[in-house]
Each structure stands twice: as C-alpha cells, then as structure tokens.
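fold the following for me, if possible:
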Amino acid sequence: MRINEGFELMDVCGEMVVVALGQKNINFSKIISLNESAAYLWQKVVGQDFDAHRLAQLLTEEYDVDMDTALTDAQRTMADWKNAGLAE
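Below is the predicted model:
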C-alpha cells in the first residue's frame, strides 16, 4: 500500500489533519483528522510502500503495545485510509 500523492498532513490549531493539494484532488471535499498514532504512522511511511506488518512494527517501536494489538490497529488504519481515498 502507498499513501496517494496530493495529500499532506498538517497541524491545524493543534489537530493533525490530512488536506488535499493540487488539481488532482480538487474534488476532495473531506477533512480527515488523524489521532496521534495514525499521524505518527503517516509521517513514517509517506512516500514509501508499506503493509500492515510494517505499520505494526512502527507502533511497537513507538508505543507500549504488543504485536497482535498493533497489527489489528495497523490493519484498521490501512482500511480507514483506503476507504477515505488516501491510500491504495
């Protein structure tokens, strides 16, 4: 999976949100807010290919979480990003 081009993570008044940039995403009318861990993952994998295991590894390195929980969270995050059109 890879984060789609034309989206950028920004801090807006203390909230991490994904915004669409450029002509390609001109019809993107959603504002996507990411929690701390999702924003952390986004920053670590933007511009790279990744899978659920890579995201889970990043979560276990940064947070006090076991691999099974991290993998479940990573899969959910990937599904959310895909459903929102942010990654494919």
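
how about Val18, phi and psi?
Val18 adopts backbone torsions of phi -100, psi 130, taken as degrees, to the nearest 10.

what's the local residue count around it?
The tally of other residues near Val18 (other C-beta atoms under 10 Å) stands at 21. (Each C-beta comes from the backbone N, C-alpha and C, glycine too.)

please name the nearest non-neighbouring residue to it.
Of all residues not flanking Val18 in the chain, Ile32 sits nearest, at 4.2 Å (C-beta to C-beta, 6 or more residues apart in numbering).

show me the contacts for that neighbour.
17-18, 84, 86 (C-beta atoms under 8 Å, 6 or more residues apart in numbering).

tell me how far the top helix by length along the chain lies from the chain's centre.
Counting residues, the longest helix found in the chain (DSSP state H) is helix 67-83. With C-alpha atoms, centre = their mean, to the nearest Å as the basis, helix 67-83 stands 10 Å off its chain's centre.

sweet, I'm off.
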